[in-house]
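Student: here are the coordinates; sequence isn't available:
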């Protein structure tokens, strides 16, 4: 990698499939034709210094809102009511990180220092309309593509110099593992799995947090399953999460989030418990972000 290449240069090469790391990838657009590709939203992110405080890594843009919009942004994509992943992630961001209310002119100084990307930069849908055999084939291709895109992820991190990486879902976690073989810490009710990594071109260690994906499936299956393993009753979990909310500078958005997820408000007990688990983990990430901010609210240099 050219050590002077900025993030735009990295992305332009990756989009075109001309990056050195793209050669041989099964999802290289030079060999398979145009594919979905998303970039971090410039409406809500403004990396004026060329550096980021946080990098958020998700799976791939195939079959998602960014496939149509080209934007990787929980604010923009949450406007699509069917995008549960973006809706949940934006709710959690406001509850645990920004504490800001939602409106169409949403602006947040921490999000403006956050860069959104995918572990696999190009993608194709692998959804329910395909046969089981086709979904398995595409899933295997995604795993292979992930091994190629890991090098481009390292280039992005070198260009952006983040302090914190938020990793959402198994594909993104696998990408980070390709950059560093160190062990993740055990997940707990109050902390997601974490590890620190070294990346060539970044002079400091990067703190990585592995979060359960905020999709409906991630919430209702993995997050809710963890909650039931840790807490015998919903009430036990509520009391624990409230103790975490009480430590925040503001708990208004967190309590509003849980209120709208409660079964009494039309949600399910499974979703409610999954969202409580997500919230506790996101609070830990928010605390780490705030710890890394200087008095001005800007990334410490």
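Tutor: Thanks, I have it. Please read all numbers here as calculations on a predicted model, not as lab measurements. Residues are numbered from 1 along each chain as shown.
Student: All the strands of the stretch 201-301 of the chain, in order from the start?
Tutor: If DSSP state E, counting those that start in this stretch is used as the criterion, the strands of the stretch 201-301 of the chain fall at 206-211.
Student: Next, the buried residues of the one helix or strand in the chain whose mean pLDDT sits lowest.
Tutor: Ranked by mean pLDDT, DSSP states H and E, the helix or strand of the chain with the weakest confidence is helix 65-69, at a mean of 82. Of the residues in helix 65-69, 65-67, 69 count as buried by neighbour count, 16 or more other C-beta atoms under 10 Å. For glycine as for every other residue, the C-beta is placed from the backbone atoms N, C-alpha and C.
Student: Would you mind pulling the contact partners of the very next helix or strand once past that helix?
Tutor: Next helix or strand after helix 65-69 toward the C-terminus (DSSP states H and E): strand 71-72. The contact list for strand 71-72 (C-beta atoms under 8 Å, 6 or more residues apart in numbering) reads 38-41, 43, 58, 61, 65-66, 77, 116-118.
Student: ok, of the residues you listed, which one's closest to residue 51?
Tutor: Proximity of the contacts of strand 71-72 to residue 51 (C-beta to C-beta) peaks at residue 40, which lies at 13.1 Å.
Student: ok, the closest one to residue 57 distance?
Tutor: As judged by C-beta to C-beta, to the nearest Å, residue 40 and residue 57 stand 11 Å apart.
Student: Settle it for me: which of those two has more neighbours?
Tutor: For residue 40 versus residue 57, neighbours defined as other C-beta atoms under 10 Å are more numerous around residue 57 (25 against 21).
Student: I'd guessed the more buried one sits against residue 115; true?
Tutor: No - between residue 57 and residue 115 there is no contact under C-beta atoms under 8 Å: 9.5 Å.
Student: what comes up buried for stretch 37-44?
Tutor: Buried-residue list, stretch 37-44, by 16+ other C-beta under 10 Å: 37-41, 44.
Student: Out of the residues you listed, which sit inside helices?
Tutor: Among the buried residues of stretch 37-44, the subset assigned to helices under DSSP state H is empty.
Student: okay, those in a markdown table with distance to residue 162 next?
Tutor: Shown next, in a markdown table, are these (distance: C-beta to C-beta, whole Å):
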| residue | distance to residue 162 |
| --- | --- |
| 37 | 21 |
| 38 | 18 |
| 39 | 16 |
| 40 | 12 |
| 41 | 17 |
| 44 | 17 |
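Student: Report the residue spans of this structure with pLDDT below the cut-off.
Tutor: Per-residue confidence for the chain (pLDDT under 70) gives these ranges: 1-4, 102-106, 125-129, 294-301.
Student: Tell me where it has helices.
Tutor: 7-16, 29-32, 65-69, 74-78, 84-93, 132-160, 170-179, 216-217, 224-230, 234-245, 252-261, 269-292.
Student: if we can go back for a sec, who touches the least confident helix or strand of the chain?
Tutor: Contacts for helix 65-69 (C-beta under 8 Å, 6+ apart): 36, 38, 61, 71-72, 76-77, 80, 83, 86, 123, 125.
Student: Mutual contacts of residue 40 and residue 57, please.
Tutor: Both residue 40 and residue 57 are contacted by residue 117, under the criterion C-beta under 8 Å, 6+ apart.
Student: Give me the neighbour count for the spatially closest residue to residue 240 that is not a sequence neighbour.
Tutor: Residue nearest to residue 240 in three dimensions, not counting chain neighbours: residue 189, with 6.2 Å by C-beta to C-beta, 6 or more residues apart in numbering. Close neighbours of residue 189, defined as other C-beta under 10 Å, add up to 17.
Student: Also residue 251?
Tutor: By other C-beta under 10 Å, the residues close to residue 251 number 18.
Student: right, and residue 99 touches residue 249 too?
Tutor: Yes - between residue 99 and residue 249 there is a contact at 6.5 Å, judged by C-beta under 8 Å.
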